[in-house]
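Engineer: Dropping the sequence and predicted coords here.
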Amino acid sequence: MPHVMKNLGGVTKEVAYQLVNNLSFLAGVKHQYSDQFAKEGAKIGQQLDVKFMDNISITRGPTMVERNLVERTIPVTITVNNWYQGALAFSDLDYKLSVEAFDEKTNLTQIVAKMANEMEWDALQLALSVPNAIGTLGTTPGTAGGVGLAMTAAPQIFGNAGSVLTELGTPAESRSICMNPTAMTTSVGALAALQNPAPDISSQFRKGLLAHSMNFDYVENVNIPSITTGTRTNGTVLVGSLDGATTLQVTGLGANATIAAGERFTVAGVLAINPMNQQFRPFPRMFVVTAATVANAAGQATLPVSPTMKLSNPEVLVGGVMTKRFPLLPLEVNGNVSALPLAGAVVTWQGAVNTVGVCNLANQKDAIVMTTVDLPIHDDASKCVQMRYKNVSVRLWQGADFKNSRGMTRIDAVAVFTLVRPDLACVIWG
């Protein structure tokens, strides 16, 4: 059996396999390998372009109206927080170990599992930036209560999550729900009746985990983020918004009221949009506050919000002729609001004040992109191998500490997590 130093490629391949297989939430997102740094390797401070495709409008009739295919990019700067590494030292005798024995003695499996856990923690923080949310903030999914989209009982709460995603044009395939252990435990019994295949029911009973139902794959994760709501009260829009706005001026929040990052709200008169056909949906557009904010003594604040407000203005069929919904405004096939917030419109918050809310997450894989890149292979690094598995790139580097007559191994991966399509995800409050 080859020893570890003779089979460095095998060890690297095993590390890459284990890293990918230890991902639970990230198994349900899109993995993207970027070849921007394939020759020289990525370095801290360099900019990475995360890519995704834009929507194309559909016209009517026999005359072709071509549209340019636009590949959008989100520039992301690689920081030290995107560099994950684990290192260990071992004696000269360990050089002769087999790959399996080396893995067991150095606990390589646990190191890789911890690296995966760190990645999942960082990626799940994106749930704080997802605008859509259903359930009742502060109430665990699977607990009876609430009505409509605020319903918390299972399986209805998961059905509502699927309904919101579908209404917002989310593809039916590759959907998943990531929940904390409390939500999983509370919900598992309620969904047992929906698991018709006997093996699924048996597995659910023995493991205490949901498998697949209501078109979702379910995973349990301890890294689900949470927020504590501020002291804000429902208010009104102070100044009407312009197209492309990323902030909203609100009044009536209460003197010196606090608003936490991750709080969701709706604005009267502003409906959600199906991005596939730009049609209005039968529920309000949801917004999320992206940074903690404090109102002034008059109860006024400028809230940083997501998504960026884009007034839907596609071409629609009017009297047999295709014309823009708002003829005097530019064509917009990526709109996300039926109307821009008007001064005086009521702003309604989700959840009571000073309440802890857990951000369990339902998503389709294209909502979030995990991008990995290659790292440099230095000229004097004779025992350094880079391996890619399922678009996840890992580097393993072994060297000698001649002063102490021992070997050293480090495992490195650079990963960036980006929320590229927020409306393909929905928070399930807990």
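Structural biologist: Cool, got the structure.
Engineer: Report the spatially nearest residue to Trp242, omitting neighbours in sequence.
Structural biologist: That one is not Trp; residue 242 is Leu. Take Leu242 and drop its neighbours on the chain: the residue closest to it by CB to CB, 6 or more residues apart in numbering is Leu340, 7.0 Å away. C-beta here means a position set from N, CA and C on the backbone, and glycine is covered the same way.
Engineer: So Gly145 sits against Ala154, correct?
Structural biologist: No: the criterion here is CB atoms under 8 Å, and Gly145 misses it with Ala154 at 11.3 Å.
Engineer: on that earlier part again, tell me how far the residue nearest to Leu242 lies from Ala133.
Structural biologist: 22 Å (CB to CB, to the nearest Å).
Engineer: and if you look at Ser24?
Structural biologist: Plainly put, Ser24 is 22 Å away from Ala133 if you go by CB to CB.
Engineer: tell me the SS of the nearest residue to Asn274 once chain neighbours are set aside?
Structural biologist: Spatial nearest neighbour of Asn274, chain neighbours left out: Gly169 (4.9 Å); criterion: CB to CB, 6+ apart. What DSSP: H, G, I helix; E, B strand; the rest coil gives for Gly169 is coil.
Engineer: pretty sure Gly269 is in a strand, no?
Structural biologist: Yes: looking at Gly269 with three-state DSSP, it is inside a strand.
Engineer: quick one: least confident helix or strand in the chain?
Structural biologist: helix 198-207 (a mean of 50; mean pLDDT, DSSP states H and E).
Engineer: Pull out the buried positions in stretch 225-240.
Structural biologist: Buried residues in stretch 225-240, counting neighbours by 16 or more other CB atoms under 10 Å, are found at Pro225, Ser226, Ile227, Thr229, Gly230, Thr231, Arg232, Gly235, Thr236, Val237, Leu238, Val239.
Engineer: now stretch 284-303
Structural biologist: Buried residues in stretch 284-303, defined by neighbour count with 16+ other CB under 10 Å: 284-290, 293, 295, 299-301, 303.
Engineer: Of these, which is the nearest to Phe402?
Structural biologist: Nearest to Phe402 out of those is Thr290 (CB to CB; 50.9 Å).
Engineer: That closest one touches Ala261, doesn't it?
Structural biologist: Yes: between Thr290 and Ala261 there is a contact under CB under 8 Å: 6.3 Å.
Engineer: dump the residue contacts of the closest residue to Leu128 other than its chain neighbours.
Structural biologist: Distance criterion CB to CB, 6+ apart; nearest residue to Leu128, sequence neighbours excluded, is Gly262 at 4.1 Å. Neighbouring residues of Gly262 by CB atoms under 8 Å, 6 or more residues apart in numbering: Leu128, Ser129, Pro225, Ile227, Val288, Val289, Gly357, Cys359.
Engineer: ok, so what distance separates the last one from Ser34?
Structural biologist: Read it as Cys359. 28 Å.
Engineer: Counting neighbours around each, name which of these two comes out higher.
Structural biologist: Cys359 (25 against 19; other CB atoms under 10 Å).
Engineer: Okay, and the more buried one sits in which element?
Structural biologist: Using DSSP states H and E, Cys359 sits within strand 356-364.
Engineer: so the first helix or strand past that strand going along the chain versus strand 356-364, what angle?
Structural biologist: Note on strand 356-364: by DSSP H and E, the next helix or strand toward the C-terminus is strand 368-373. Angle of strand 368-373 versus strand 356-364, following axes from the mean of the first three to the mean of the last three CA atoms, to 10 degrees, is 80 degrees.
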